[in-house]
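J.: fold the following for me, if possible:
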Amino acid sequence: MKTSFILTSLAAALSASAQLVTFGVVDEKNNNLGLPNNLHSGAGFDFYFVGANQEILQYNIDNNGVATLNVNYEYPFHVGAFENYFAVGPAVTPANLEIVDNKITNWNFWACYDTSDPYNYSAKNRAIVVNEKGNSTAPGSQCIPVFITVLDVVY
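T.: Next up is the predicted model:
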């Protein structure tokens, strides 16, 4: 009886814990475009760009699909959409990420140059911009459709 309780408690604790994941960016033909890296874009939020830094970032995703950057900051850096950008930071409303076939499916994603981001990073690096799910209209003339994929899951 005691062993059964310990195993049940252990299983419950493991299922309630967050998964540690890493994301990547691919185009429609599944060609690897790089990693989504965040660059400071304003007070409490960073926008994601392809080709910037190329640092491997890890995220904790809970059972509800809420992802936070796996860093030791004073406030959690939530992943979500902010001003039509894929973004992370304490000012970003956390999204419940839907992951189907290792792709985030909450929005349509685009990698775009010249998006008028606050620090003009998109002059050299493609900003990851989001459209409503099902909206296949490119948000700009220098955009390509992309997918955010789960590259690596660490247990």
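J.: list the contacts of residue 112.
T.: With contact taken as C-beta atoms under 8 Å, 6 or more residues apart in numbering, residue 112 is in contact with 122, 126, 127, 129, 138, 139, 140, 142, 143, 144. C-beta: built from backbone N, CA, C; applies to glycine.
J.: show the residue spans covered by the strands in the protein.
T.: 19-27, 32-34, 36-42, 45-50, 59-61, 67-69, 78-82, 85-89, 99-100, 103-104, 107-112, 126-132, 143-154 (DSSP state E).
J.: residue 118 is nearest to which of the ones you listed?
T.: Closest approach to residue 118 among those is made by strand 36-42 (5.3 Å; C-beta to C-beta).
J.: for the protein, what helix or strand is lowest in average pLDDT?
T.: Least confident helix or strand, the chain: helix 2-16 with a mean of 36, by mean pLDDT, DSSP states H and E.
J.: ok now stretch 81-92, how far from the chain's centre?
T.: 10 Å (C-alpha atoms, centre = their mean, to the nearest Å).
J.: should've said stretch 34-47
T.: On C-alpha atoms, centre = their mean, the centre of stretch 34-47 falls 10 Å from the chain's centre.
J.: same check on stretch 79-99?
T.: For stretch 79-99, the distance to the chain centre is 7 Å (C-alpha atoms, centre = their mean).
J.: got it, and stretch 143-151?
T.: For stretch 143-151, the distance to the chain centre is 10 Å (C-alpha atoms, centre = their mean).
J.: that older thread, tell me which of the contacts of residue 112 has the lowest pLDDT.
T.: Ranked by pLDDT, the contacts of residue 112 bottom out at residue 140, which has 88.
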